[in-house]
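Asks: Need a 3D model of the sequence below.
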Amino acid sequence: MKKNKLIEHMAVCAGISKASAQKALEGFLEATSKSLQNGNKVSLAGFGTWSVYERSARMGRNPKTNEPLAIPAKNTIKFKASPQLLDTLQS
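Replies: Here you go, the predicted model:
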């Protein structure tokens, strides 16, 4: 589902305008981004949890030349789906 479809669906389900739904979605995305940038978890009960974790530095290989390549450490995001969300996939 793309962002526009999500906004339409939110507007219909909440009985609000598309503009209001778009503002709500953008607010959620901004708050989630800022929280993750600060190293905090973001949890939505019944949906899942986003968290930040650091990938350690490691050695890789350049597939073209097969030479060793140092891959630096970096922060990335992990999402863990809630059991309720996973149960909806089974039905």
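
Asks: Show me how this protein divides into domains.
Replies: Residue ranges for the structural domains of the chain, counted by automatic domain parsing, are given in the record as 1-39, 41-91.

Asks: Take those domains and write them to CSV, including mean neighbour count and mean pLDDT.
Replies: Backbone N, C-alpha and C define where each C-beta goes, glycine included. Compiled in CSV, those are given as follows (neighbours: other C-beta atoms under 10 Å; pLDDT from 0 to 100):
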stretch, mean neighbour count, mean pLDDT
domain 1-39, 12, 96
domain 41-91, 11, 94
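
Asks: and the most far-flung residue of the chain relative to its centre, what are its phi and psi?
Replies: Note on the chain: the largest C-alpha distance from the chain mean falls to T65, namely 34.0 Å (C-alpha atoms, centre = their mean). In terms of degrees, to the nearest 10, the main-chain angles of T65 are phi -110, psi -10.

Asks: ditto for R61
Replies: Backbone geometry at R61, expressed as degrees, to the nearest 10, gives phi -130, psi 140.

Asks: Y53 too?
Replies: Per-residue torsions, Y53: phi -140, psi 160 (degrees, to the nearest 10).

Asks: So what pairs up with it in the strands?
Replies: Assessed by DSSP bridges, Y53 has beta-bridge partners T76.

Asks: who touches it in this structure?
Replies: When contacts are counted by C-beta atoms under 8 Å, 6 or more residues apart in numbering, Y53 is found next to N75, T76, I77, K78.

Asks: now those residues in a markdown table, with distance to S51?
Replies: A markdown table is the format used below for the contacts of Y53 (distance: C-beta to C-beta, whole Å):
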| residue | distance to S51 |
| --- | --- |
| N75 | 11 |
| T76 | 10 |
| I77 | 7 |
| K78 | 5 |
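
Asks: got the residue ranges for the helices in the protein?
Replies: 3-14, 18-37, 83-90 (DSSP state H).

Asks: Show me what the second one is packed against.
Replies: Same thing as helix 18-37. Contacting helix 18-37 under the criterion 3 or more C-beta pairs under 8 Å, 6 or more residues apart in numbering; DSSP states H and E are the following elements: helix 3-14, strand 42-44, strand 48-55.
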